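> output the structure for:
(chains A and B)
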Protein chains: 2
Amino acid sequence: MSVPRSVAAHRQAVVELLTGATAARASHRLPLLEALGGALAVDVHAPIPLPPFDNSQMDGFAVRSKDIPDAGAELWVAAPVPAGAAPAALRPGFAAPIMTGAMIPEGADAVVPIEKATPDTFPDATARDAVVDLPAVAPGTYVRNRGSDIEEGALALPSGTLLGPAQLGLLAALGMTTVEVRQPLRVLLVTTGDEVVEPGEELTAGKIFDSNGTLLEASMRQAGLAVVRAGISDDDPTSLVTVLRSHTDPADNPVDVIVTTGGVSKGAYEVVRQAMSGHPVDFLPVAMQPGGPQGLGTFNDVPFLGFPGNPVSCLVSFEMFLRPALSEVLGAPAPRPVRNLSLAEPVTSPQGKHQVRRGTVEPDGSVRMEGGPGSHLVHALARSNALVQIPGDVTELDEGAEVEVWML
Amino acid sequence: MSVPRSVAAHRQAVVELLTGATAARASHRLPLLEALGGALAVDVHAPIPLPPFDNSQMDGFAVRSKDIPDAGAELWVAAPVPAGAAPAALRPGFAAPIMTGAMIPEGADAVVPIEKATPDTFPDATARDAVVDLPAVAPGTYVRNRGSDIEEGALALPSGTLLGPAQLGLLAALGMTTVEVRQPLRVLLVTTGDEVVEPGEELTAGKIFDSNGTLLEASMRQAGLAVVRAGISDDDPTSLVTVLRSHTDPADNPVDVIVTTGGVSKGAYEVVRQAMSGHPVDFLPVAMQPGGPQGLGTFNDVPFLGFPGNPVSCLVSFEMFLRPALSEVLGAPAPRPVRNLSLAEPVTSPQGKHQVRRGTVEPDGSVRMEGGPGSHLVHALARSNALVQIPGDVTELDEGAEVEVWML
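Got it, this is the predicted structure:
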């Protein structure tokens, strides 16, 4: 029995385990909206400048600024320039009614907003020989210059950028319809245990329904992973090894990461420990509750994480180790928002173990515990919206004490 | 020209507009993982208790507590109870090796952890007549009682619950494979403007690629909406009305909400204003920059929101009005995390307008502006990870001043 590893040290070990595995991922080209949440696989340079042409920032009159002396001037009204039109050049002494976003006519170099014109409404489009009084204006006023947001050929988005609405909106503005994104990490997820049966099957004495598979697959999907489910492996190490081998053959599209649940503790029937015998995998205690026993290493050169078997332990293992490591190594998902909140009730915690309690952040900003520390309390977990972090050296906290809370 | 409405007042108007529309949504039954992110349509009661049976919290020995006096006792070792087995009743004077999660044998009422046993290892399963020394233990120790997490028939999740990993994990633990969820709100999204062409088409003089459609569809998908795209409507109000009518026929699966972009300002060619003539829709200024001009009302009894035409204005309109209103009315998506951070640079803002700048939160926790206030700066937007809120009565902020930041 080794000295328990700290939460931070184990998280760092997971980061190091994943760093190599994620380096050389393949990419594929997707339509923009299918790439939402993905990571850009290449640098994207702007094929056109943005804006693509000088255009008006206001509804008003496009003018040659030198036509208007400081005291203002009366100008002839030219044909109006709606957005989307390619206007004729502006003749000296004329002012062209122009709409927001419309192209600045050749010769014009500024826009006077309609509110500053006399009259302050646009003349009827059929009117002839209309005139307008305009005040002086500095060159460039209310003109959005071609390329002022991004120049043609400039780096629009670097490789690795996470593609959210704004990034996809930029690619669309650049005229693109598809984008090259990294393929998501593929994770093999295996739940283990003779006591576990698939939801929907018959529940005989001593058996429980598998919730870890659903809980972890949902968490992994939200974190941007592609999940390969291998169902439930019983407590025979041979069958587990067979499953793992079939998904880690270097010649046959091996998964990028393996996650198992259960079978990592010190009992008499620890199937994951037994199956990993002869593979470079450590089984070690982490000074954390729940989720203390952890497995970490490789199986057939594929990074392997062995989570404990209780549902709350699985969720805590994912949130404390795998999810933050993905954030650090891949840049995604975004880390959980962290808040420092006050406890709505006193809490005790075991000496020397970092305790992760489930809680609900109340409308008043305080945090209340959901259920006790037991790692089997999946109903209490389902009522929670936060993980409450109680450091290893803290054994008692009063009502009102400040704690670190991770928002789920 | 009316007095500009405050941001809060307009958000409240959007909440009220959506409240009726979202009341009577249909539901459908989905496999658990397909329901991720959805909202439960019915109360779910537990078909079984959790845990389904009394089980051990530790690897250890299941005992009859009254068999062990305060000084401890030597007991015969019974057949081991692995997880998943239905054990025989425990005879008086015996202790059954039991694994975490395994069923407590009939007659047993407590578990002594293996670490407290002498010897502190399990005897070989083939050993006969083995004995173990155990200390006294209170009844119920290390026993997880049937129904202690949730009783059979109790409310497991109330209608309206958002289904994340923990909630789906609970449903799986209860043996369920499908769940009844509300159908997502269906939003008709129409971008307008003679100047706008679809990405991938030819870009002639005066035209720009539509980025609003992609930006808003991505934002809406992330917020859990189902988006119906009607492409780009030109500046002819008749064609826009035709599009809106075809998606709002009460007899033909009308959409739940309409969102348009562009055509809501005070220029000479405001297609959305023109198309809405005769419908109960207000076009009004909100004291906000960008995103000031807004349309709000109904078209054929379907709630209608008219956003301005620039991409940044669209995103700000969505984040400031529609997304928070969905959070309030539907309970989803979760509100944006709000932080109070210090400015990495001085900022100016127009008097009387709530300004929403785009920014990047630096590793040191300060926030830096991305691009200027211009609402066309979609490249600057794509580099941002936050919206910086500058209230209407603030015109100047020094470097280091504290501002409210919404994390995107």
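> mind checking how far the residue of chain A positioned farthest from its centre is from chain B?
Centroid-distance maximum for chain A: residue A:129 at 58.0 Å, with C-alpha atoms, centre = their mean. Computed as C-beta to the nearest C-beta, to the nearest Å, the residue A:129 to chain B distance reads 19 Å. Yep, even glycine has a C-beta here, placed from its N, CA and C like the rest.
> contact partners for that residue?
By C-beta atoms under 8 Å, 6 or more residues apart in numbering or on different chains, the contact set of residue A:129 is residue A:76.
> where does it land in three-state SS?
Under the three-state scheme (DSSP: H, G, I helix; E, B strand; the rest coil), residue A:129 adopts coil.
> dihedrals phi and psi, it?
Main-chain dihedrals, residue A:129, degrees, to the nearest 10: phi 60, psi 30.
> and if you look at residue A:232?
Dihedral pair for residue A:232: phi -110, psi 130, per degrees, to the nearest 10.
> quick check: bridge partners of it?
Bridge pairing for residue A:232 (DSSP bridges) gives the partners residue A:191.
> partners of whichever strand or helix holds residue A:388, with directions?
Using DSSP states H and E, residue A:388 sits in strand A:386-390. Paired strands of strand A:386-390, with direction, are strand A:354-361 (antiparallel), strand A:402-407 (antiparallel) (DSSP bridges).
> go ahead and confirm residue A:389 touches residue A:407.
No. Using C-beta atoms under 8 Å, residue A:389 makes no contact with residue A:407, being 11.8 Å away.
> neighbour count for the two, which is higher?
Between residue A:389 and residue A:407, counted using other C-beta atoms under 10 Å in any protein chain shown, the more crowded position is residue A:389 (17 against 14).
> nearest residue to the more buried one in space, ignoring adjacent ones along the chain?
The shortest distance from residue A:389 to any non-neighbouring residue, by C-beta to C-beta, 6 or more residues apart in numbering or on different chains, is to residue A:404 (4.4 Å).
> ok, that neighbour to chain B distance?
15 Å.
> with residue A:173 instead?
Noted for residue A:173: a distance of 4 Å to chain B, by C-beta to the nearest C-beta.
> ok, now residue A:137?
Distance, residue A:137 to chain B, using C-beta to the nearest C-beta: 18 Å.
> one more: residue A:234?
8 Å.
> residues touching that residue, list them.
Per C-beta under 8 Å, 6+ apart, neighbours of residue A:234: A:192, A:193, A:194, A:271.
> equivalent analysis for residue A:94, please.
Taking C-beta under 8 Å, 6+ apart as the test, what residue A:94 contacts is A:75, A:76, A:77, A:78.
> low-confidence regions, chain A specifically.
A:1-2, A:22-24, A:267-268 (pLDDT under 70).
> residues contacting residue A:321?
A:10, A:11, A:14, A:294, A:305.
> now, which of the residues you listed sits nearest residue A:319?
Nearest to residue A:319 among the contacts of residue A:321: residue A:11, at 10.8 Å, using C-beta to C-beta.
> pretty sure that closest one is in a helix, no?
Yes. Under three-state DSSP, residue A:11 falls within a helix.
> next, count neighbours for it.
Neighbours of residue A:11 using other C-beta under 10 Å come to 19.
> could you do the one 4 residues further on as well?
With neighbours defined by other C-beta under 10 Å, the count for residue A:15 comes to 16.
> pretty sure it sits in a helix.
Yes. Judged by three-state DSSP, residue A:15 forms part of a helix.
> assign a three-state SS to the closest residue in space to it that isn't next to it in sequence, would you?
On the basis of C-beta to C-beta, 6+ apart, the spatially nearest residue to residue A:15 that is not a chain neighbour turns out to be residue A:325, at 4.6 Å. Secondary structure for residue A:325, judged by three-state DSSP, is helix.
> out of the contacts of residue A:234, who's nearest chain B?
Ranked by distance to chain B (C-beta to the nearest C-beta), those are led by residue A:194 at 3.4 Å.
> what residues does the stretch 301-408 of chain A put near chain B?
Residues of the stretch 301-408 of chain A lying near chain B by C-beta under 8 Å from any C-beta of the partner chain: A:309-311, A:315, A:337, A:371, A:374, A:376-382, A:384, A:407-408.
> buried ones among the residues you listed?
Buried residues within these, counting neighbours by 16 or more other C-beta atoms under 10 Å in any protein chain shown: A:309-311, A:315, A:337, A:371, A:374, A:376-382, A:384, A:408.
> pick the one among those closest to residue B:219.
Distance to residue B:219 across those (C-beta to C-beta) is lowest for residue A:337, with 18.9 Å.
> from memory that closest one sits against residue B:337, does it?
Yes. The pair residue A:337 / residue B:337 is scored as a contact, 4.2 Å apart, by C-beta under 8 Å.
> can you pull the contacts of the spatially most central residue of chain A?
Nearest to the mean C-alpha position of chain A, by C-alpha atoms, centre = their mean, lies residue A:333 at 4.1 Å. Each residue near residue A:333 by C-beta under 8 Å, 6+ apart is listed here: A:222, A:223, A:224, A:323, A:326, A:327.
> again, only using 10 Å
For residue A:333, the contact set (C-beta atoms under 10 Å, 6 or more residues apart in numbering or on different chains) comprises A:37, A:162, A:219, A:222, A:223, A:224, A:225, A:323, A:324, A:326, A:327.
> and residue A:220, by the same measure?
Contacts of residue A:220 (C-beta under 10 Å, 6+ apart): A:184-185, A:187, A:189, A:226-227, A:257, A:259, A:318, A:322-323, A:326, B:165.
> please pick the buried ones from those.
Going by neighbour count (16+ other C-beta under 10 Å), the contacts of residue A:220 have A:184, A:185, A:187, A:189, A:227, A:257, A:259, A:318, A:322, A:323, A:326, B:165 buried.
> which of these lies closest to residue A:360?
residue B:165 (16.2 Å).
> my guess is the closest one contacts residue A:213. True?
No. Residue B:165 is not in contact with residue A:213 according to C-beta atoms under 10 Å; the separation is 11.1 Å.
> what touches both of the two?
Common neighbours of residue B:165 and residue A:213, using C-beta under 10 Å, 6+ apart, are A:311, A:314, B:33.
> point out the ones among the residues you listed that are inside helices.
Of those, the ones assigned to helices by DSSP state H are A:311, A:314.
> can you put the shared contacts of residue B:165 and residue A:213 in a markdown table and add distance to residue B:108?
Shown next, in a markdown table, are the shared contacts of residue B:165 and residue A:213 (distance: C-beta to C-beta, whole Å):
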| residue | distance to residue B:108 |
| --- | --- |
| A:311 | 24 |
| A:314 | 27 |
| B:33 | 38 |
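> secondary structure element for residue A:316?
Using DSSP H and E, residue A:316 falls in helix A:311-317.
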